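In: Fold the following and give me the result.
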Amino acid sequence: MNKLIVTSVAAALLGSAAMAQDVVRLGTEGAYPPYNFINDAGEVDGFERELGDELCARAELTCTWVTNDWDSIIPNLVSGNYDAIIAGMSITDERKQVIDFSDPYTQPDPSAFLALGEVDLENAVIAAQSGTIQASYVTGMAGATLLEFATPDETISAVRNGEADAVLADKAFLEPIDSEGGDLSFVGEDVLIGGGIGLGVRQSDTELRDTFSAAIQSMKDDGSLNALITKWLPGSATF
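Out: Residues are numbered from 1 along each chain as shown. The predicted structure follows:
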């Protein structure tokens, strides 16, 4: 970490002196609504923008936002291009071998399949974004074939153009597409994968991890985190 400063709010949150960087750079994808996306003004928006800004305010951190493609989002955290990932990233044992996580700010949410019509999912070609828990899940489906893409929009296009029979993704991401009443709709049963979503940090940045975890807990305690979940992720489990 760079030069460290003691912040009074972080100290109160942690119950001891907490150290924080002068500027904390938050890395997100900006392509996975409603968790994160780029709005018409060209700015990061969505559930995680509002959440990240509130967490930084509570911990008295000065934060800036950085966008990064999903497939390199962990390597670029480790190499120091930003200080935390807040990008709909599920906490998994595999990822924890490379980075550390704050406490979760969402419960494990369902993933769902979207297709053009009825599909035999056990023997289907299923699109998923590369490096996601959904891609890992498809590899464990007997008879199914995984087709990986760099962006979530490409997985949808793959189903529409016939490259894939279905897509597996977070249900919150797919719900607006299903509700359009167009060519794509949900098929099969929802699946629960992962241990909730948290901020990813470098394994050496324990102070930053604990600062964010304390701020998340304070939002859980006063109900403001549940209010954000209800606003941006309707139907998702709250704390």
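In: count of residues packed around the residue lying closest to Asn76 once chain neighbours are set aside?
Out: Closest residue to Asn76 apart from its sequence neighbours, by C-beta to C-beta, 6 or more residues apart in numbering: Asn68 at 5.4 Å. Where C-beta positions appear, they are placed from N, C-alpha and C, glycine not excepted. As a burial measure, Asn68 scores 19 neighbours (other C-beta atoms under 10 Å).
In: Could you measure from Asn68 over to Thr132?
Out: From Asn68 across to Thr132, the span is 15 Å (C-beta to C-beta, to the nearest Å).
In: Equivalent analysis for Ile126, please.
Out: 12 Å.
In: who touches the residue most central in space within the chain in this structure?
Out: Most central in the chain under C-alpha atoms, centre = their mean is Gly88, positioned 0.4 Å from the mean C-alpha point. Contacts of Gly88 were listed using C-beta atoms under 8 Å, 6 or more residues apart in numbering, and they are Glu29, Tyr32, Tyr35, Asn36, Glu48, Asp170, Ile197.
In: Equivalent analysis for Phe113, please.
Out: By C-beta under 8 Å, 6+ apart, the neighbours of Phe113 are Val119, Leu121, Ile126, Ala166, Val167, Leu168, Phe186, Val187, Gly188.
In: rerun that using 7 Å as the cut-off
Out: Going by C-beta atoms under 7 Å, 6 or more residues apart in numbering, Phe113 touches Leu121, Ala166, Leu168, Phe186, Val187, Gly188.
In: isn't the fifth one right up against Ala115?
Out: Yes. The pair Val187 and Ala115 qualifies as a contact (C-beta atoms under 7 Å) at a distance of 4.6 Å.
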